[in-house]
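Peer 1: next comes the sequence, and after it the predicted model I'd like to discuss.
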Amino acid sequence: MIGVIGEVLITGGVLVFLFIAWQLWWNDLVVAGEQASAANQISQQWIGDAQAASATPAPTATNTPTAVPVQTPGFGTPVVSVAPGEAQPFAVLYVPRYGAAYSRTIAEGVGHNVLNSPRLGIGHYPGTQMPGEVGNFVVAAHRSANGGGMHLINEFQLGDPIFVQTADGYYTYRFRDLEYVQPTDVGVLAAVPHAPGATATDRIITLTSCNPLYSTAERIIAYGVFDSWQPISAGPPAELAAIIAAQAAG
Amino acid sequence: MYAALWRVLPGPLWLRILQVLVLIALVLFVLATWVFPWVDTIVNSQESTVGTP
């Protein structure tokens, strides 16, 4: 009898360890693959839509002569879209520092329905700015488990590109610095981080995740500053073009 | 428990070992496919956002 109880307890302990291994490694890898391929799919769809739109010019466009857009090197002020509904995807994140195969879909909201979803993974804090907008575009993702969208956030180097693709175009941010804050510190969400009420003049991106790895004691924050923008019809920036092509090829 | 299981398995030693391995694989498959995903929805997920601890 004692032997049976002992075996049951040992089995229970083994099951707990198996669950942790499943959550942190096996399922993490599976979900990461699903999230990346879902992101590729939506990215390719936007590129395809843009090519289809440019291949078949609208007949009304020929009747109403419009000013030919001047091709400035920087493509002017970035287009800013309106935030979609809860859990609706609207952007794809590429971070070469996280690996050439890395891509994740950004959706509205930071609930589990977005962050744990095998087809999403990165959540945009509602109320913070959108890509390319003056202010702060803030997103969250898991550090580990559920695809671990920000697993390597601590490995950013100054100037690392952070690419955000939307249906409108490609927004390039450059990594600036890391910060470690309390989980309650909503100051990082302000248009000017830690200065709520201040008038924003810069376009920045803020990535939030857990710290330390496998813990939720703190939050790790990565800031990036806006570098350039190009419309989707102009194609991705050179560095990103190679990544997108490689990912589309599988 | 496991000793009783070992006794009811038929066949020579090598066949019993094979059966045990198959049973372990089966249990792992059931756990990873149905049990763990269900547990994952119950246990406290790792929060990675600020302001919603």
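Peer 2: Everything's here; your move.

Peer 1: quick check: B:L28 vs A:F17, distance?
Peer 2: The spacing between B:L28 and A:F17, counted by Cβ to Cβ, to the nearest Å, is 13 Å. Every residue, glycine included, has its C-beta placed from N, CA and C.

Peer 1: also A:E179?
Peer 2: Per Cβ to Cβ, A:E179 is found 34 Å from A:F17.

Peer 1: which of those two has more residues huddled nearby?
Peer 2: Using other Cβ atoms under 10 Å in any protein chain shown as the criterion, A:E179 and A:F17 rank with A:E179 on top: 16 against 9.

Peer 1: what's near enough to touch the more buried one?
Peer 2: Shown in contact with A:E179 (Cβ atoms under 8 Å, 6 or more residues apart in numbering or on different chains): A:V188, A:I220, A:I221, A:A222, A:Y223.

Peer 1: and for A:V192?
Peer 2: With contact set as Cβ under 8 Å, 6+ apart, A:V192 has these partners: A:G135, A:N136, A:A198, A:T199, A:A200, A:D202.

Peer 1: what score does the last one have for pLDDT?
Peer 2: In the prediction, the pLDDT value recorded for A:D202 is 95.

Peer 1: that one and A:V134 touch, don't they?
Peer 2: Yes: using Cβ atoms under 8 Å, A:D202 makes contact with A:V134 at a distance of 7.1 Å.

Peer 1: more crowded one of these two?
Peer 2: Taking neighbours as other Cβ under 10 Å, A:D202 and A:V134 compare with A:V134 leading, 16 against 11.

Peer 1: show me where chain A has helices.
Peer 2: Assigned by DSSP state H, the helices in chain A fall at A:2-21, A:27-55, A:59-63, A:112-115, A:238-248.

Peer 1: for A:E86, which of those is the nearest?
Peer 2: Nearest to A:E86 among the helices of chain A is helix A:112-115 (8.0 Å), distances taken as Cβ to Cβ.

Peer 1: same question for that closest one, mean pLDDT?
Peer 2: Helix A:112-115 shows an average pLDDT of 92 in the prediction.

Peer 1: same question for stretch B:22-29.
Peer 2: pLDDT averaged over stretch B:22-29 gives 96.

Peer 1: what are the ranges of the helices in chain B?
Peer 2: B:2-8, B:13-30, B:36-42.

Peer 1: and those as CSV, adding mean neighbour count and distance to chain A?
Peer 2: Formatted as CSV, the helices of chain B follow (neighbours: other Cβ atoms under 10 Å in any protein chain shown; distance: least, Cβ to the nearest Cβ, whole Å):
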stretch, mean neighbour count, distance to chain A
helix B:2-8, 10, 6
helix B:13-30, 12, 8
helix B:36-42, 13, 5
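
Peer 1: for A:R119, find the nearest of these.
Peer 2: helix B:36-42 (15.4 Å).

Peer 1: that closest one packs against which elements?
Peer 2: On a contact count with 3 or more Cβ pairs under 8 Å, 6 or more residues apart in numbering or on different chains; DSSP states H and E, helix B:36-42 meets helix A:2-21, helix A:27-55.
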